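Participant: show me how the following folds:
(one chain, ligands or ions: 1)
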Amino acid sequence: MTELKNPFASEEITAPFNEEWQAKRRVAAAVRLLTEVLVTSSPDTSKMHDIAEQLENTASDFASSPRVYGRLDWIESGQHGSFGQVSHELNPLAGYSNPLAPPVTTRIEGDMAIGRCFCGWAYEGPPGSVHGGYVAAIFDQFMGFAQKLGKRPGMTGYLNVSYHHRTPLTTDLHLEARITKQEGRKTFMEGKMFAHDELTASCEALFIEPRKGMYALKQQARPEEVFSPPTARSGA
Ligand SMILES: CCCCCCCC(=O)SCCNC(=O)CCNC(=O)[C@H](O)C(C)(C)COP(=O)(O)OP(=O)(O)OC[C@H]1O[C@@H](n2cnc3c(N)ncnc32)[C@H](O)[C@@H]1OP(=O)(O)O
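Facilitator: Below is the predicted model of the structure:
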(Lines give C-alpha, C1' and ligand atoms only; values in the text may rest on other atoms or scores of the structure.)
Protein backbone atom coordinates (compact mmCIF):
# COMPACT_ATOMS: atom_id res chain seq x y z
CA MET A 1 0.00 0.00 0.00
CA THR A 2 2.97 2.35 0.28
CA GLU A 3 2.73 3.26 -3.41
CA LEU A 4 -0.56 5.08 -2.95
CA LYS A 5 0.20 6.20 0.61
CA ASN A 6 -0.90 9.79 0.90
CA PRO A 7 1.97 12.22 1.52
CA PHE A 8 -0.42 15.17 1.97
CA ALA A 9 -1.32 14.21 5.52
CA SER A 10 1.10 16.41 7.40
CA GLU A 11 0.77 19.81 8.99
CA GLU A 12 4.19 20.51 7.54
CA ILE A 13 4.51 20.62 3.78
CA THR A 14 6.21 17.37 2.81
CA ALA A 15 9.67 18.06 1.42
CA PRO A 16 10.30 17.51 -2.30
CA PHE A 17 11.50 14.01 -3.18
CA ASN A 18 14.68 15.26 -4.84
CA GLU A 19 16.37 18.34 -6.29
CA GLU A 20 14.40 18.08 -9.51
CA TRP A 21 11.12 18.64 -7.65
CA GLN A 22 12.71 21.31 -5.49
CA ALA A 23 13.60 23.24 -8.63
CA LYS A 24 10.19 22.56 -10.18
CA ARG A 25 8.44 23.89 -7.08
CA ARG A 26 10.42 27.10 -7.55
CA VAL A 27 9.39 27.33 -11.20
CA ALA A 28 5.75 26.67 -10.23
CA ALA A 29 5.88 29.39 -7.58
CA ALA A 30 7.25 31.80 -10.18
CA VAL A 31 4.45 30.87 -12.63
CA ARG A 32 1.86 31.41 -9.87
CA LEU A 33 3.36 34.81 -9.22
CA LEU A 34 3.30 35.55 -12.93
CA THR A 35 -0.38 34.59 -13.10
CA GLU A 36 -1.20 36.84 -10.17
CA VAL A 37 0.70 39.73 -11.74
CA LEU A 38 -0.91 39.08 -15.15
CA VAL A 39 -4.44 39.49 -13.81
CA THR A 40 -3.65 42.45 -11.55
CA SER A 41 -1.50 44.74 -13.69
CA SER A 42 -1.81 46.83 -16.80
CA PRO A 43 1.53 47.34 -18.56
CA ASP A 44 1.46 49.05 -21.94
CA THR A 45 0.59 46.85 -24.88
CA SER A 46 4.03 46.74 -26.49
CA LYS A 47 5.59 45.74 -23.19
CA MET A 48 3.10 42.91 -22.93
CA HIS A 49 4.03 41.66 -26.40
CA ASP A 50 7.70 41.70 -25.35
CA ILE A 51 6.87 39.77 -22.20
CA ALA A 52 4.83 37.27 -24.23
CA GLU A 53 7.79 36.68 -26.55
CA GLN A 54 10.12 36.08 -23.61
CA LEU A 55 7.65 33.63 -22.11
CA GLU A 56 7.14 31.82 -25.42
CA ASN A 57 10.92 31.42 -25.69
CA THR A 58 11.09 30.17 -22.12
CA ALA A 59 8.34 27.63 -22.83
CA SER A 60 10.16 26.39 -25.97
CA ASP A 61 13.37 26.05 -24.00
CA PHE A 62 11.55 24.09 -21.30
CA ALA A 63 9.83 21.90 -23.89
CA SER A 64 13.15 20.91 -25.46
CA SER A 65 14.00 18.84 -22.36
CA PRO A 66 12.79 15.21 -22.11
CA ARG A 67 8.98 15.18 -21.80
CA VAL A 68 6.99 13.00 -19.40
CA TYR A 69 3.20 12.78 -19.77
CA GLY A 70 1.11 11.60 -16.83
CA ARG A 71 1.86 10.22 -13.40
CA LEU A 72 2.20 6.65 -14.60
CA ASP A 73 5.05 7.69 -16.89
CA TRP A 74 6.59 9.79 -14.15
CA ILE A 75 6.93 6.78 -11.85
CA GLU A 76 8.09 4.33 -14.53
CA SER A 77 11.82 5.11 -14.40
CA GLY A 78 11.93 5.18 -10.59
CA GLN A 79 13.94 8.42 -10.79
CA HIS A 80 11.14 10.85 -9.92
CA GLY A 81 9.58 9.25 -6.83
CA SER A 82 6.58 7.05 -6.04
CA PHE A 83 3.02 7.57 -7.29
CA GLY A 84 2.18 9.35 -4.04
CA GLN A 85 5.22 11.60 -4.22
CA VAL A 86 4.59 12.51 -7.86
CA SER A 87 0.92 13.21 -7.05
CA HIS A 88 2.07 15.39 -4.18
CA GLU A 89 3.96 17.50 -6.71
CA LEU A 90 1.61 17.47 -9.70
CA ASN A 91 -1.91 17.32 -8.25
CA PRO A 92 -3.89 20.16 -9.89
CA LEU A 93 -5.30 21.42 -6.58
CA ALA A 94 -2.62 20.49 -4.06
CA GLY A 95 0.60 19.95 -6.00
CA TYR A 96 3.43 22.30 -5.11
CA SER A 97 4.99 21.79 -8.55
CA ASN A 98 1.76 22.49 -10.42
CA PRO A 99 1.08 26.22 -10.78
CA LEU A 100 -2.64 25.52 -11.31
CA ALA A 101 -2.82 24.45 -7.66
CA PRO A 102 -3.51 27.29 -5.14
CA PRO A 103 -2.35 24.87 -3.38
CA VAL A 104 -4.66 23.14 -0.87
CA THR A 105 -2.84 21.72 2.16
CA THR A 106 -4.31 18.97 4.30
CA ARG A 107 -3.81 17.01 7.48
CA ILE A 108 -5.64 14.63 9.82
CA GLU A 109 -6.47 15.51 13.43
CA GLY A 110 -8.26 12.71 15.28
CA ASP A 111 -11.44 11.90 13.35
CA MET A 112 -11.33 15.14 11.35
CA ALA A 113 -9.54 16.20 8.23
CA ILE A 114 -8.28 19.77 8.27
CA GLY A 115 -7.29 21.81 5.26
CA ARG A 116 -6.07 25.23 4.30
CA CYS A 117 -6.16 27.17 1.09
CA PHE A 118 -5.51 30.71 -0.12
CA CYS A 119 -6.80 31.97 -3.45
CA GLY A 120 -5.35 35.04 -5.14
CA TRP A 121 -6.97 37.31 -7.73
CA ALA A 122 -6.68 34.77 -10.53
CA TYR A 123 -9.49 32.84 -8.80
CA GLU A 124 -11.98 35.72 -8.82
CA GLY A 125 -15.56 34.86 -9.73
CA PRO A 126 -18.07 37.29 -8.17
CA PRO A 127 -16.27 40.55 -7.28
CA GLY A 128 -13.65 39.92 -4.61
CA SER A 129 -14.78 36.31 -4.22
CA VAL A 130 -13.51 32.89 -5.15
CA HIS A 131 -15.22 31.45 -8.25
CA GLY A 132 -17.77 28.83 -7.20
CA GLY A 133 -16.25 26.24 -9.52
CA TYR A 134 -12.96 26.57 -7.69
CA VAL A 135 -14.74 26.26 -4.33
CA ALA A 136 -16.15 22.94 -5.59
CA ALA A 137 -12.77 21.83 -6.92
CA ILE A 138 -11.08 22.66 -3.63
CA PHE A 139 -13.74 20.60 -1.85
CA ASP A 140 -13.28 17.70 -4.27
CA GLN A 141 -9.57 17.58 -3.55
CA PHE A 142 -10.00 18.07 0.18
CA MET A 143 -12.76 15.48 0.54
CA GLY A 144 -10.74 13.09 -1.62
CA PHE A 145 -8.00 13.44 0.95
CA ALA A 146 -10.39 13.28 3.94
CA GLN A 147 -11.76 9.89 2.87
CA LYS A 148 -8.41 8.57 4.07
CA LEU A 149 -10.13 8.57 7.47
CA GLY A 150 -12.30 5.69 6.22
CA LYS A 151 -9.50 3.55 4.80
CA ARG A 152 -11.47 2.66 1.63
CA PRO A 153 -10.05 5.20 -0.87
CA GLY A 154 -12.23 5.78 -3.88
CA MET A 155 -13.41 8.32 -6.40
CA THR A 156 -16.02 11.01 -6.11
CA GLY A 157 -19.51 9.63 -6.80
CA TYR A 158 -21.18 12.92 -5.98
CA LEU A 159 -20.20 16.23 -4.48
CA ASN A 160 -23.09 18.49 -3.49
CA VAL A 161 -21.88 21.98 -2.64
CA SER A 162 -23.94 24.64 -0.82
CA TYR A 163 -22.75 28.22 -1.03
CA HIS A 164 -23.74 30.13 2.10
CA HIS A 165 -21.69 33.31 1.84
CA ARG A 166 -19.18 34.58 -0.65
CA THR A 167 -15.72 33.06 -0.19
CA PRO A 168 -13.25 35.95 -0.08
CA LEU A 169 -10.04 36.14 -2.10
CA THR A 170 -6.62 36.68 -0.52
CA THR A 171 -7.87 35.21 2.73
CA ASP A 172 -6.83 32.06 4.57
CA LEU A 173 -9.58 29.51 4.05
CA HIS A 174 -10.04 26.82 6.67
CA LEU A 175 -11.49 23.43 5.71
CA GLU A 176 -12.92 20.68 7.88
CA ALA A 177 -14.36 17.28 6.97
CA ARG A 178 -15.54 14.15 8.69
CA ILE A 179 -17.08 10.87 7.74
CA THR A 180 -20.80 10.62 8.41
CA LYS A 181 -21.37 7.02 7.30
CA GLN A 182 -19.60 4.06 5.70
CA GLU A 183 -21.32 1.27 3.82
CA GLY A 184 -18.94 -1.25 2.28
CA ARG A 185 -17.11 0.54 -0.55
CA LYS A 186 -19.07 3.76 0.01
CA THR A 187 -17.79 6.57 2.23
CA PHE A 188 -20.21 9.43 2.96
CA MET A 189 -18.75 12.67 4.21
CA GLU A 190 -19.54 16.25 5.01
CA GLY A 191 -17.19 19.19 4.65
CA LYS A 192 -17.09 22.87 5.55
CA MET A 193 -15.16 25.90 4.38
CA PHE A 194 -14.61 28.91 6.63
CA ALA A 195 -13.15 32.39 6.11
CA HIS A 196 -12.52 34.40 9.28
CA ASP A 197 -14.67 31.83 11.19
CA GLU A 198 -17.63 32.43 8.86
CA LEU A 199 -19.02 29.37 7.08
CA THR A 200 -18.86 30.25 3.39
CA ALA A 201 -19.60 26.85 1.84
CA SER A 202 -20.37 23.29 2.85
CA CYS A 203 -20.66 20.00 1.00
CA GLU A 204 -21.92 16.46 1.16
CA ALA A 205 -19.85 13.93 -0.71
CA LEU A 206 -19.89 10.26 -1.55
CA PHE A 207 -16.65 8.52 -2.45
CA ILE A 208 -16.80 5.01 -3.87
CA GLU A 209 -13.95 2.56 -3.86
CA PRO A 210 -13.88 1.07 -7.37
CA ARG A 211 -14.91 -2.58 -7.61
CA LYS A 212 -11.29 -3.65 -8.14
CA GLY A 213 -9.77 -1.02 -5.84
CA MET A 214 -7.81 2.12 -6.67
CA TYR A 215 -4.80 0.11 -7.90
CA ALA A 216 -6.87 -1.19 -10.80
CA LEU A 217 -7.07 2.37 -12.16
CA LYS A 218 -3.34 2.22 -12.80
CA GLN A 219 -3.87 -0.58 -15.31
CA GLN A 220 -6.42 1.33 -17.35
CA ALA A 221 -5.66 2.84 -20.72
CA ARG A 222 -3.96 6.21 -20.66
CA PRO A 223 -4.46 9.09 -23.09
CA GLU A 224 -2.22 8.70 -26.13
CA GLU A 225 -2.24 12.10 -27.68
CA VAL A 226 0.20 14.82 -26.81
CA PHE A 227 -1.68 17.98 -25.93
CA SER A 228 -0.47 21.23 -27.47
CA PRO A 229 -2.14 24.18 -25.77
CA PRO A 230 -3.51 26.76 -28.20
CA THR A 231 -1.53 29.98 -28.23
CA ALA A 232 -2.63 33.52 -28.97
CA ARG A 233 -0.49 33.32 -32.13
CA SER A 234 -2.44 30.35 -33.45
CA GLY A 235 -5.56 32.49 -33.14
CA ALA A 236 -7.24 30.54 -30.29
C1 LIG B 1 -6.94 8.44 -3.07
C2 LIG B 1 -7.01 9.82 -3.73
C3 LIG B 1 -8.31 10.02 -4.47
C4 LIG B 1 -8.42 11.41 -4.99
C5 LIG B 1 -9.77 11.63 -5.57
C6 LIG B 1 -9.88 13.02 -6.12
C7 LIG B 1 -11.32 13.26 -6.38
C8 LIG B 1 -11.65 13.12 -7.83
O9 LIG B 1 -11.55 14.06 -8.56
S10 LIG B 1 -12.18 11.62 -8.43
C11 LIG B 1 -12.66 12.02 -10.12
C12 LIG B 1 -14.16 12.27 -10.24
N13 LIG B 1 -14.87 11.05 -10.10
C14 LIG B 1 -14.93 10.13 -11.09
O15 LIG B 1 -14.38 10.30 -12.17
C16 LIG B 1 -15.68 8.87 -10.81
C17 LIG B 1 -16.33 8.29 -12.06
N18 LIG B 1 -17.11 7.13 -11.68
C19 LIG B 1 -16.54 5.92 -11.61
O20 LIG B 1 -15.39 5.71 -12.00
C21 LIG B 1 -17.38 4.81 -11.07
O22 LIG B 1 -18.73 5.17 -11.19
C23 LIG B 1 -17.07 4.52 -9.56
C24 LIG B 1 -15.62 4.03 -9.42
C25 LIG B 1 -17.23 5.78 -8.71
C26 LIG B 1 -18.01 3.45 -9.07
O27 LIG B 1 -17.93 2.39 -9.97
P28 LIG B 1 -18.13 0.88 -9.46
O29 LIG B 1 -17.04 0.47 -8.58
O30 LIG B 1 -18.35 0.07 -10.68
O31 LIG B 1 -19.42 1.06 -8.60
P32 LIG B 1 -20.80 0.26 -8.66
O33 LIG B 1 -20.49 -1.16 -8.32
O34 LIG B 1 -21.55 0.58 -9.91
O35 LIG B 1 -21.56 0.98 -7.48
C36 LIG B 1 -21.19 0.79 -6.13
C37 LIG B 1 -22.26 1.42 -5.28
O38 LIG B 1 -22.14 2.86 -5.40
C39 LIG B 1 -23.38 3.42 -5.87
N40 LIG B 1 -23.06 4.49 -6.80
C41 LIG B 1 -22.26 4.45 -7.87
N42 LIG B 1 -22.15 5.67 -8.43
C43 LIG B 1 -22.92 6.51 -7.70
C44 LIG B 1 -23.20 7.91 -7.77
N45 LIG B 1 -22.67 8.70 -8.70
N46 LIG B 1 -24.04 8.42 -6.84
C47 LIG B 1 -24.56 7.64 -5.86
N48 LIG B 1 -24.30 6.31 -5.73
C49 LIG B 1 -23.50 5.76 -6.65
C50 LIG B 1 -24.09 2.27 -6.59
O51 LIG B 1 -25.48 2.49 -6.62
C52 LIG B 1 -23.70 1.09 -5.71
O53 LIG B 1 -24.48 1.12 -4.54
P54 LIG B 1 -24.98 -0.28 -3.86
O55 LIG B 1 -23.71 -1.04 -3.53
O56 LIG B 1 -25.71 0.18 -2.65
O57 LIG B 1 -25.80 -0.94 -4.90
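
Participant: just give the nearest non-adjacent residue to S87, would you?
Facilitator: Sequence neighbours aside, R71 is the residue nearest to S87 in space, at 6.2 Å (criterion: Cβ to Cβ, 6 or more residues apart in numbering). Glycine gets a C-beta too; all of them are placed from N, C-alpha and C.

Participant: nope, A101 is what I meant
Facilitator: Nearest one to A101, counting by Cβ to Cβ, 6+ apart, is G95 at 4.8 Å.

Participant: quick one, what contacts the residue nearest to S87?
Facilitator: Applying Cβ atoms under 8 Å, 6 or more residues apart in numbering, we find R71 in contact with F83, V86, S87, L90.

Participant: what does the chain put close to the ligand?
Facilitator: 140, 144, 153, 155-158, 185-186, 206, 208, 210-211, 214 (Cβ under 6 Å from any ligand atom).

Participant: just the buried residues from the residues you listed, in PyMOL please.
Facilitator: Only the buried entries of those go into this PyMOL selection, using 16 or more other Cβ atoms under 10 Å:
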select buried, resi 140+144+153+206+208
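
Participant: the residues of the chain next to the ligand in helices, which ones?
Facilitator: D140, G144 (DSSP state H).

Participant: helix or strand for the residue nearest to A101, which one?
Facilitator: Using DSSP states H and E, G95 maps to neither a helix nor a strand.

Participant: surely it and H88 touch.
Facilitator: Yes. Judged on Cβ atoms under 8 Å, G95 makes contact with H88 at a distance of 6.6 Å.

Participant: work out for me the element the residue of the chain most remote from its centre sits within.
Facilitator: Distance from the C-alpha centroid of the chain, by Cα atoms, centre = their mean, peaks at S46 (33.8 Å). Per DSSP H and E: S46 is located in helix 45-63.

Participant: helices along this protein, start to end?
Facilitator: Counting by DSSP H, the helices of the chain are 19-38, 45-63, 71-76, 83-90, 132-146.

Participant: got the contact list for L199?
Facilitator: Residues in contact with L199 (Cβ under 8 Å, 6+ apart) are H164, H165, K192, M193.

Participant: now do the contacts for the third one.
Facilitator: Put plainly, it is K192. Taking Cβ under 8 Å, 6+ apart, one finds L175, E176, A177, L199, A201, S202, C203 in contact with K192.

Participant: now the helices of the chain as JSON lines including mean pLDDT?
Facilitator: Shown next, in JSON lines, are these (pLDDT from 0 to 100):
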{"stretch": "helix 19-38", "mean pLDDT": "97"}
{"stretch": "helix 45-63", "mean pLDDT": "97"}
{"stretch": "helix 71-76", "mean pLDDT": "90"}
{"stretch": "helix 83-90", "mean pLDDT": "91"}
{"stretch": "helix 132-146", "mean pLDDT": "97"}
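
Participant: for the ones you listed, give me JSON lines that also has distance to I13.
Facilitator: Shown next, in JSON lines, are the helices of the chain (distance: least, Cβ to Cβ, whole Å):
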{"stretch": "helix 19-38", "distance to I13": "9"}
{"stretch": "helix 45-63", "distance to I13": "24"}
{"stretch": "helix 71-76", "distance to I13": "19"}
{"stretch": "helix 83-90", "distance to I13": "9"}
{"stretch": "helix 132-146", "distance to I13": "14"}
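
Participant: hang on, the earlier thing: closest to the ligand among the contacts of R71?
Facilitator: S87 (7.8 Å; Cβ to the nearest ligand atom).

Participant: my read: the closest one touches G95, true?
Facilitator: Yes. Using Cβ under 8 Å, S87 makes contact with G95 at a distance of 7.2 Å.

Participant: of the two, who's got more company?
Facilitator: It is G95, of S87 and G95, that has more neighbours when counted by other Cβ atoms under 10 Å, with 23 against 19.
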